[in-house]
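Asker: Build me a model from this:
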Amino acid sequence: MKTTTAIKKIYLLSFLFFSLISGSDAAEKNNSAKTGEPATKTKRDPVEKAAVQKWNVDAAQAQIKFSVKGPFGTVDGSLGDLKSTILFDKDNLAASSISASTESKSISTGIKLRNNDLQKEKYLSSDKYPLLSFQSDKIQKSGTGYIAIGNLTIKGVSKKVEIPFSFTEKGNTGVFKGSFSIQRQDYGIGKEGGSIGNTVSIDLEVPVTK
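Answerer: Sure, this is the predicted structure:
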């Protein structure tokens, strides 16, 4: 009798086990029918982004020029000591990026007295804010060139800017060229109005190598 009872228990457990499996399979098939997807799916590995070319900046040859209306005509100047990290691939703009900075004390207008004045608190406040910097959020195609969209930070103030630029590549070298303008009062540079124009035009030419 004990043996018979044990066998019955085994049969009962087996029945419950296979019932659970059958129910699970049916539920999975039913869900598959609703979604139109296979009952069993293998997780796909995330698609790896293609490597983007890093370009090394020739800081000695790089040019950052600006011009602004002054009390006696247009004032032309430049900034130096460019430091930049450029990842750029015209076929992979989504993964491309540009970050750059220059020292405000490197400003030069051809007149030493004016250079010193521009570094004071009312203008660039170079002691407190030694760097002018740009960090792109995205780079997109535009006509025959490109646009770098990101934040330009001057005197502790960050503003969104769009920098149209071109890129010419030849072998292991290339040149980035761009032009854009800012409103100096947006960054707290100088007083409002007066004999100094509000619009500052900026031209960039950055030679690079692989």
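Asker: the domain parsing of the protein - what is it?
Answerer: Segmentation of the chain into domains, based on automatic domain parsing, reads 1-43, 54-209.
Asker: Return the most buried member of these.
Answerer: Mean neighbours per residue, mean count of other CB atoms under 10 Å, is largest over the domains of the chain for domain 54-209, with a mean of 15. Just so you know, the C-beta spots here come from the backbone N, C-alpha and C atoms, and that holds for glycine as well.
Asker: Direction included, what does the biggest strand by length in the chain pair against?
Answerer: Criterion DSSP state E: the longest strand present in the chain is strand 157-170. Strand pairing for strand 157-170, determined by DSSP bridges: strand 145-154 (antiparallel), strand 173-183 (antiparallel).
Asker: any idea of the mean pLDDT in that strand?
Answerer: Average pLDDT, strand 157-170: 98.
Asker: Pull it out as CSV, backbone CA atoms only.
Answerer: Extracted in CSV, the C-alpha atoms of strand 157-170 (Å, rounded to 0.1, in the frame of the first residue of the first chain):
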residue,chain,number,x,y,z
VAL,A,157,28.7,83.4,-19.2
SER,A,158,27.7,80.6,-21.5
LYS,A,159,25.6,81.2,-24.6
LYS,A,160,24.5,78.9,-27.4
VAL,A,161,26.2,79.7,-30.7
GLU,A,162,26.2,78.3,-34.2
ILE,A,163,29.6,78.2,-36.0
PRO,A,164,29.4,77.5,-39.7
PHE,A,165,32.7,76.0,-40.9
SER,A,166,34.3,74.2,-43.8
PHE,A,167,36.9,71.4,-43.7
THR,A,168,39.5,70.7,-46.4
GLU,A,169,41.4,67.5,-46.1
LYS,A,170,44.5,66.6,-48.0
